[in-house]
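Student: turn this into a structure:
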Amino acid sequence: MSGPAYTTMDDGELVDAARTGQLGAFEELVARHRDKIFARALSLTRNEDEALELSQTAWVKAWQRLHQFQGEAGFATWMTRIVINLSLDHLRRQKRQRTDSLEALTEDNDGQEPALPVLTTSPTAGLEQQELRAVIDQALGQLSVEHRTVLVLHEFEDMNYKDIAQSTGCSLGTVMSRLFYARRKMAALLAGWRKET
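Tutor: Alright, predicted model coming up:
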């Protein structure tokens with residue numbers, strides 16, 4: 001089958017064709033969904049290099065596990081679930097490494113609290129919008145990985161509760177309670193910034 005013919009097929013047909021070894025069909029799936037999958041990874045990691053690596057890993061996993069795709073949810077939802085799981089694993093590993101480093105640093109200082117550098121910002125350094133983005137990023141970093149995930153997917157990626165539940169493998173109730181908690185926590189964290197401006 002020629003390349004252009006793949007563009008007329010829907011995702012389900014492309015998956016079936018890719019399962020028979022037609023690489024062009026899988027390449028069409030990648031072309032259709034790569035931006036969205038990268039955006040999902042970026043919204044969770046907040047780092048372009050990490051998001052690129054995670055989204056590429058997600059596509060490799062998808063190719064290897066194509067036989068596991070049941071078709072109950074759409075292909076894009078299945079891919080989103082793969083990249084979210086990879087991103088969450090990545091964030092958890094980072095968190096563990098930071099905790100281990102901090103514990104090692106405390107041990108090196110004979111149990112005393114390590115002295116952290118004082119960060120100062122110049123009042124002329126950047127616009128209010130950039131400042132708000134930095135404050136939001138900092139606040140997001142204070143949420144647990146689970147709470148940050150549902151908040152980012154709902155507020156920044158415009159996913160509905162049902163799609164978030166499918167993508168993260170949680171129940172609808174869990175998604176709703178995590179979102180409620182995450183919004184409340186973010187409101188508290190951002191309240192201080194609003195008072196200063």
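
Student: retrieve the pLDDT associated with Arg194.
Tutor: Here, the pLDDT recorded for Arg194 equals 60.

Student: likewise for Leu29?
Tutor: For Leu29, pLDDT reads 96.

Student: contacts only, for it.
Tutor: Shown in contact with Leu29 (CB atoms under 8 Å, 6 or more residues apart in numbering): Asp11, Leu14, Val15, Ala18, Phe75. No exception for glycine: its C-beta is placed from N, CA and C like everyone else's.

Student: element containing the fourth one, please.
Tutor: Under DSSP states H and E, the secondary-structure element containing Ala18 is helix 11-19.

Student: got a list of contacts for that helix?
Tutor: By CB under 8 Å, 6+ apart, helix 11-19 touches 1, 6, 9, 24-26, 28-29, 32, 63, 66-67, 69, 71, 74-76.

Student: and the angle from the next helix or strand after that helix to helix 11-19?
Tutor: Using DSSP H and E, the helix or strand that follows helix 11-19 in sequence is helix 23-45. Calculated by axes from the mean of the first three to the mean of the last three CA atoms, to 10 degrees, helix 23-45 forms an angle of 120 degrees with helix 11-19.

Student: so which bits of helix 23-45 are buried?
Tutor: 25-26, 28-30, 32-33, 37-45 (16 or more other CB atoms under 10 Å).
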